[in-house]
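Enquirer: Show me the folded form of this:
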Amino acid sequence: MTADVIVCGLGPAGRALAHRCLAHGLSVTAIDPFPDRYWTATYGAWEDELPGWLDPAAVAVAVDRPTAWGSDSHRIERRYTVLDTMRLHDCLGVDGARVIADRVIGIDRGSVRLRSGAQVRGARIIDARGIGRSPALAEQTAYGVIVAADRSETLFMDWRPDNGAHPDAPPSFLYAVPLGGDAMLLEETCLAGRPALDGAVLQDRLEHRLRSRGIELSGSEPVERVRFPVQGGRPGRSRFGAAGGFTHPATGYSVAAALAAADTVAAGASAWPVTARAVRALRIAGLRALLDLPPVDIRLFFDAFFALPPELQHAYLSGRTDLRGTVDAMRTLFAGLPPRLRRRIAAATLRIPLRSQLRMASAIIG
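Expert: Sure, this is the predicted structure:
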């Protein structure tokens, strides 16, 4: 039996794609070693990123104007949502698909080889298995605890230096979001590192930060640990989600982008027009700049970013195909930084200075 589409991997991206392929009337084979397993990570998204077809039940909580801290406090003029992973899983139903509990070991032209020895054929094969870890790839890491919901305000990023880290040590920030009900996640996060900070360091920093704010932990709180690459993945029609380059290099977010693109890919169109590829190149340049910034300058960088007009913040954080907005955001941010940071960021982009990259992107959009 040959399916219209084979989806390899049933994480949020793969499951969303299989779900939308079924909605488009396609026959689907979905392959994953543990196809019914619920996800344990916390997934956040800006409300305006979520597609209209997504069941609102997938959203656990929404927060108006969350706070970000560099050296100063900034209100982000958008609505931030935290997804309920169990409900998200169930909303992305794959009833009607042929679901195979097995591991993909090879993808050939028109067929998939499985660890069991079976071979499955399909007209289209899409790899949504994520990105494998590698020392060559920058990673995001985090250590978090789940506490009562009244322990903190919602903090999208909090770079204040009260986590006990040495000023010259690789930086980390506090991410504090409600999970719904009476629960809140307080998480110390290394945005991107090569190598990234390990969990033990982040645990020490989180506990130090919370003590400094009068928040005592009992030691019995549920724990969330995070580690995944923010680099890797290759755009193309045969890959989707993180495997297909959907991870935002400067934030690590990918779930909302995959949800938003699932209908496009299910319909057989490309999720990677030339504008999206150009935006990705600029975001990768932004990651190189972040990785090269001295720790003491990170807060200054994010003060400048969150001082951008809301539409430019939106373009850089969420405009996967918005080349003009991304160029304007990066150009405005670059101009707003002190000269020493501008020189550092331009050098960090390697090969092509940032100003030249922005000029090239401007030429593409006319």
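
Enquirer: Report the helix or strand with the lowest average pLDDT across this structure.
Expert: helix 354-365 (a mean of 53; mean pLDDT, DSSP states H and E).

Enquirer: State the helix or strand in which the residue most central in space within the chain lies.
Expert: With distances taken as CA atoms, centre = their mean, Tyr253 lies nearest the centre of the chain, 1.1 Å away. Assigning secondary structure by DSSP states H and E places Tyr253 outside every helix and strand.

Enquirer: Let me see the contact set for it.
Expert: 44-45, 247, 317 (CB atoms under 8 Å, 6 or more residues apart in numbering). C-betas here are computed from N, CA, C, even on glycine.

Enquirer: Dump the residues you listed to JSON lines, plus secondary structure and pLDDT.
Expert: Formatted as JSON lines, those follow (DSSP: H, G, I helix; E, B strand; the rest coil; pLDDT from 0 to 100):
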{"residue": "Gly44", "secondary structure": "strand", "pLDDT": "97"}
{"residue": "Ala45", "secondary structure": "strand", "pLDDT": "97"}
{"residue": "Thr247", "secondary structure": "coil", "pLDDT": "96"}
{"residue": "Leu317", "secondary structure": "helix", "pLDDT": "96"}
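
Enquirer: out of those, which one sits closest to Val59?
Expert: Nearest to Val59 among the contacts of Tyr253 is Ala45, at 8.5 Å by CB to CB.

Enquirer: So in terms of bridging, what pairs with the closest one?
Expert: Assessed by DSSP bridges, Ala45 has beta-bridge partners Thr81.

Enquirer: neighbours around it, how many?
Expert: By other CB atoms under 10 Å, the residues close to Ala45 number 22.

Enquirer: I'd like the distance between it and Pro249.
Expert: 17 Å (CB to CB, to the nearest Å).

Enquirer: now swap in Pro66 and tell me
Expert: Counting by CB to CB, the gap from Pro66 to Pro249 is 22 Å.

Enquirer: ok, now Ala243?
Expert: Counting by CB to CB, the gap from Ala243 to Pro249 is 15 Å.

Enquirer: okay, these two: which has more neighbours?
Expert: For Ala243 versus Pro249, the count of surrounding residues by other CB under 10 Å is larger for Ala243: 26 against 23.

Enquirer: wait, the more buried one sits on Gly233?
Expert: Yes - contact criterion CB atoms under 8 Å: Ala243 and Gly233 qualify, at 5.4 Å.

Enquirer: which residues do these two both contact?
Expert: Ile131.

Enquirer: For the helix or strand where Ala18 lies, what is the distance to the chain centroid?
Expert: If you go by DSSP H and E, Ala18 is part of helix 12-23. Helix 12-23 sits 18 Å away from the centroid of its parent chain (CA atoms, centre = their mean, to the nearest Å).
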